[in-house]
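1. the sequence and its predicted three-dimensional model are supplied below.
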Amino acid sequence: MANGYAPAEASEAPKVRFSELCLAAEGKKAMQEAFKYEFLTEIQQKTYESIRGGAEVVARAKTGSGKTLSFLLPCLDRLHSQPVVPGELALLVLTPVRELSMQVAAEAEKLTKYYSSCSMVCMTGGVPWEEDLESLTAAKGTVILVATPGRLQSHAAKTEGFVDRLSKVQILVLDEVDQLASDVFRQATLDIVKTLPAASHRQSLFYSATMGDAVTNLVSQIGKPDHMYVDVIHSDDALVPEHICQTYAVLPTERMTECLWASLTLAAAEVDSKVVVIFMTGRIAAYYAEAFRKSGTDLPVFEIHARRKQNQRTEESERFRGAASGVLFTSDVSARGLDYPGVTHVIQMGAAHSKEEYVHRLGRTGRAGREGQGLLLLHDFEQGFLADVADLGLIEAPVPTTKEGRRCSTRLPLTKICQICTRDARLCQHAHRQERQGSSLLLSDQPCNAQLEPQQAGNHA
Ligand SMILES: Nc1ncnc2c1ncn2[C@@H]1O[C@H](COP(=O)(O)OP(=O)(O)OP(=O)(O)O)[C@@H](O)[C@H]1O
């Protein structure tokens, strides 16, 4: 019972159609016209009636299994059935990541086109403050707010009347609750909950693909004691969707780049391959994106991480969403919740912080029952991570070699990167900075031809 709850019994319930649900005509029309879904997924089926009826629910279901709609639809249907108090903030959805808030908000907005008694507002960091205030003022009817904790705290502290509005919230959803309950977000989450009506006067919903003790503690602190636990993951060894093929390779650090390049080349040779490559930091993601862009690849290159401005991140996220193929170089900002259609491969460059984070990263592929490929490339000093994910079913992959890379008409990737770097001052500085920090990406003994900034040149010497 690693998550503090007993695993669910496996069950083969018959599928339920949205048209058969106790759902307003508006909701049925939305499912048919805008979402084009016929059947509920398992988590949607197992939570709909309880949430619609006002129950407190803790829900665990695999990545890509339709959790977002499983809380949005019953919540909107419930609010729609009540008398409207114009401008009242009735539903608050908290997520830990800006792009995820925007994605959930887009899904909610699709629903409010039909549930016209409700309107949607999204608030995240990196967006001009005035835009938040304008959309809050413009919101008609019952207001649904999707937000990240930091921006919400800032509004609670600075925006006149905002705390008063929060005090009217009827339903709170914590999406990716294990991250919101983690050390990073826990205090912010608790501070926000303090501004809401007491647990007995609100409905709280807790969602994630992974749950741990931190969630159990948070639920006992801010939820009702009689909450339901809905778990559609039948045991911890089935945390990962079964149609994702997971492989791994352990490599000396100096071969990581070469292996990534060969893997990307092989992926690019497939039709409509859409690859997400996740690095430990935004800095490394930026470095690889730039190097790959300059390698003359045919695959469109995308880049999302905390080192980019929010408007760039948002634009890039939309471009990648709409792309038929491409490679997204990113950090853990894209590890959770993001639903980019058609992602065929996820490559993890180095060990995730935990088994749970590995599961979320991997879950960017193989969504909604589709197939997916996962490749975990570990530095040799990270081998110990394999023990953490031993029950998830990874199999050792033959390391994509330079020879294979060559067969796919690439040049020797490491040499190429070194060439790029020795010609490019900014990349070269970046590489030397990494080296000084003890995490060399290149391990190249090639001379640097680029002009270093004076201070960096000094440091390097
Ligand atoms: N009833 C349904 N029928 C078909 N597809 C669906 C249904 N419900 C949701 N989907 C699709 O499934 C995909 C995954 O949904 P969603 O993003 O809600 O997953 P999730 O369970 O929240 O995943 P994660 O744990 O990664 O956040 C989306 O593309 C969504 O449009």
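-> Structure's in. What do you need?

2. quick check: phi and psi on Arg364?
-> In terms of degrees, to the nearest 10, the main-chain angles of Arg364 are phi -70, psi -10.

3. and it, how far is that from Arg321?
-> Distance of Arg364 to Arg321, given as C-beta to C-beta, to the nearest Å: 12 Å. (C-beta placed from N, C-alpha, C; glycine too.)

4. looking at those two, which one has more neighbours?
-> Between Arg364 and Arg321, counted using other C-beta atoms under 10 Å, the more crowded position is Arg364 (27 against 16).

5. might you report the residue contacts of that one?
-> 63, 276, 334-335, 338, 340, 343, 346 (C-beta atoms under 8 Å, 6 or more residues apart in numbering).

6. redo those residues as TSV? Include distance to Arg186 and neighbour count.
-> Converted to TSV, the contacts of Arg364 look like this (distance: C-beta to C-beta, whole Å; neighbours: other C-beta atoms under 10 Å):
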residue	distance to Arg186	neighbour count
Thr63	22	25
Val276	28	27
Ser334	22	28
Ala335	19	25
Leu338	22	24
Tyr340	28	21
Val343	30	24
Val346	28	25
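
7. and stretch 184-199, what's buried?
-> For stretch 184-199, the neighbour count (16 or more other C-beta atoms under 10 Å) marks 185-186, 188-189, 192-193, 195-196, 199 as buried.

8. also stretch 245-258?
-> Judged by neighbour count (16+ other C-beta under 10 Å), stretch 245-258 contains these buried residues: 245-246, 248-251, 253, 255-258.

9. secondary structure, pLDDT and distance to Ser325 for those - can I get that in TSV?
-> Listed next are the buried residues of stretch 245-258 as TSV, based on DSSP: H, G, I helix; E, B strand; the rest coil; pLDDT from 0 to 100; distance: C-beta to C-beta, whole Å:
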residue	secondary structure	pLDDT	distance to Ser325
Cys245	strand	96	19
Gln246	strand	97	22
Tyr248	strand	97	24
Ala249	strand	95	24
Val250	strand	95	29
Leu251	strand	90	26
Thr253	helix	79	29
Arg255	helix	81	26
Met256	helix	84	24
Thr257	helix	82	22
Glu258	helix	81	23
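
10. ok, of those, which one's closest to Glu290?
-> Relative to Glu290, the closest of the buried residues of stretch 245-258 is Thr257; by C-beta to C-beta it sits at 13.1 Å.

11. from Thr297, how far off is that closest one?
-> 14 Å.

12. now do Gln312
-> The separation that Gln312 has from Thr297, given C-beta to C-beta, amounts to 20 Å.

13. so where is the protein shaky, pLDDT-wise?
-> Counting by pLDDT under 70, the chain has low-confidence residues at 1-13, 236-237, 401-461.

14. the ligand contacts on the stretch 301-450 of the chain?
-> Residues of the stretch 301-450 of the chain lying close to the ligand by C-beta under 6 Å from any ligand atom are 337, 339, 363, 367-368.

15. burial count for the nearest residue to Gly337 once chain neighbours are set aside?
-> In this structure, Gly337 finds its nearest non-sequential neighbour in Leu100, 4.0 Å apart by C-beta to C-beta, 6 or more residues apart in numbering. Residues lying near Leu100 (other C-beta under 10 Å) number 24.

16. so what sits against both of Arg364 and Arg321?
-> Both Arg364 and Arg321 are contacted by Tyr340, under the criterion C-beta under 8 Å, 6+ apart.

17. picking that back up, more neighbours: which of Gln312 and Thr297?
-> Taking other C-beta under 10 Å, Gln312 and Thr297 do not tie; Thr297 has more neighbours (16 against 13).

18. dihedrals phi and psi, the residue nearest the centre of the chain?
-> Taking C-alpha atoms, centre = their mean, the centroid of the chain lies closest to Arg336, which sits 2.1 Å from it. Note on Arg336: its backbone torsions stand at phi -120, psi 140 [degrees, to the nearest 10].

19. which strand or helix spans the residue nearest to it when sequence neighbours are not counted?
-> The shortest distance from Arg336 to any non-neighbouring residue, by C-beta to C-beta, 6+ apart, is to His360 (4.6 Å). Per DSSP states H and E, His360 falls inside helix 355-362.

20. what sits against whichever residue of the stretch 101-250 of the chain sits closest to the ligand?
-> Residue nearest to the ligand within the stretch 101-250 of the chain (C-beta to the nearest ligand atom): Ala209, separated by 4.1 Å. By C-beta under 8 Å, 6+ apart, Ala209 lies in contact with 60-63, 65, 67, 233, 239, 359-360, 363.

21. name the member of these with the most neighbours.
-> Greatest neighbour count in the contacts of Ala209, by other C-beta under 10 Å, goes to Gly363: 28 neighbours.

22. so who does it touch?
-> Residues in contact with Gly363 (C-beta under 8 Å, 6+ apart) are 62-64, 209, 240-241.

23. can you pick out the most distant pair from these?
-> Gly64 and Val240 (10.4 Å).

24. so Thr148 versus Asp183, what's the distance?
-> Separation of Thr148 from Asp183 (C-beta to C-beta): 17 Å.

25. comparing the two, which residue is more hemmed in?
-> Neighbour totals were compared for Thr148 and Asp183, and Thr148 leads with 24 against 7 (other C-beta under 10 Å).

26. give me phi/psi at the residue lying closest to the more buried one once chain neighbours are set aside?
-> Of all residues not flanking Thr148 in the chain, Thr124 sits nearest, at 4.6 Å (C-beta to C-beta, 6+ apart). Backbone torsions for Thr124, taken as degrees, to the nearest 10, come to phi -140, psi 160.

27. much appreciated, bye for now.
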